[in-house]
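**Student:** Have a look; sequence and predicted model below, questions after that.
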Amino acid sequence: MDFEPYRRELLAHCYRMLGNPDEAEDVVQETYLRAFRAYDRFEGRASLRTWLYRIATNACLTALEERGRLPLPSGLGPPSTDPDAPPVLADADAWPRPIPDALITPEPADPAAIALARDGVRLALIAGLQLLPPRQRAVLILREVLTFPATEVAEMLGTSVAAVKSTLQRARATLREAPVVEELAEPEQRELLERYMTAFMNSDLTALEGILREDAMIEPLPSRTWFAGKSTCVAFLRHVMGEPGEWRMTPARANGRPAAAARRGGLPRRSGTAASRSGWRC
């Protein structure tokens, strides 16, 4: 009985469901505990992998019943027009959070498996999933991301194939109404992120202004306050950049995309991704 080979993909699955890597880790541990306790009743009618996904999905649904969805600030209200106003802070766990690629990259490093794993945790996808009720979210992930057959999904969720198909249709309809995030190709993402990091560390506001698009967005989590439009974003960045050298940024990977880990005064403070043309989330 070796569950360990499934840990990374189960963590990615729980992260898609929950949007929080720490909570996803807890649910994976709970999944393994439940599996160990119930293994003597595992009849082998489905594969061990399918059985573990069933346990993990239902554990996620239980967790979601207790705390609900994790919207981004842009999903709660209009952007602030005053970059000088004090931010409205909220609990750091009240928002979707990025997950390092290193935690979910498959082993061995098969290029096709890595590409699939990274594509399945894109920040745009994670944010979009938060719009769905828990069971719609589960069905969409199991059918569209993990490509489980409808019969297996129905068995996992204790429902019928017809109900799975109907739930999937409703989930697709909801996501069609969600804002479309235009993503750059990865080489362009890396180049843009490198320019952003250099400008930020040098406190070069002119360079940052040249990087941002007119429809730029900044969501400086864990604040509920967010900003839209180049002029407002630049004014906000003027306040947070500080002196040249005050920030240090290190290239990283999160949610399948190039990212940056930022430090101010030696301790990690925030991270961002160049996931879209329209903005960066902190």
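**Tutor:** In hand now; what should we look at?
**Student:** For the rest of this, base every contact and every neighbour count on C-alpha atoms.
**Tutor:** Fine.
**Student:** what are the ranges of the strands in this structure?
**Tutor:** Using DSSP state E, the strands assigned to the chain run over residues 217-219, 227-228, 247-254, 257-264, 267-273, 279-281.
**Student:** counting contacts, what elements does the shortest one pack onto?
**Tutor:** This means strand 227-228. Under the contact criterion of 3 or more CA pairs under 8 Å, 6 or more residues apart in numbering; DSSP states H and E, strand 227-228 touches strand 217-219.
**Student:** and the strand it packs on, which residues are buried?
**Tutor:** Residues of strand 217-219 classed as buried: Met217, Ile218, Glu219 (neighbour count, 16 or more other CA atoms under 10 Å).
**Student:** Sketch out the low-pLDDT regions of the stretch 51-200 of the chain for me.
**Tutor:** Along the stretch 51-200 of the chain, the model assigns pLDDT under 70 to residues 108-110, 112, 179-182.
**Student:** which stretches of the stretch 1-150 of the chain form helices?
**Tutor:** 7-18, 21-38, 48-67, 101-104, 111-119, 123-129, 134-140, 150-157 (DSSP state H, counting those that start in this stretch).
**Student:** circling back: check the strands of the chain for me: which has the lowest mean pLDDT.
**Tutor:** Ranked by mean pLDDT, the strands of the chain end with strand 279-281 at the bottom, a mean of 40.
**Student:** Which pLDDT value belongs to Arg37?
**Tutor:** Here, the pLDDT recorded for Arg37 equals 91.
**Student:** how many neighbours does it have?
**Tutor:** Residues lying near Arg37 (other CA atoms under 10 Å) number 10.
**Student:** give me the number of residues near Leu103?
**Tutor:** 15.
**Student:** and if you look at Pro83?
**Tutor:** What Pro83 shows, counting by other CA under 10 Å, is a neighbour count of 19.
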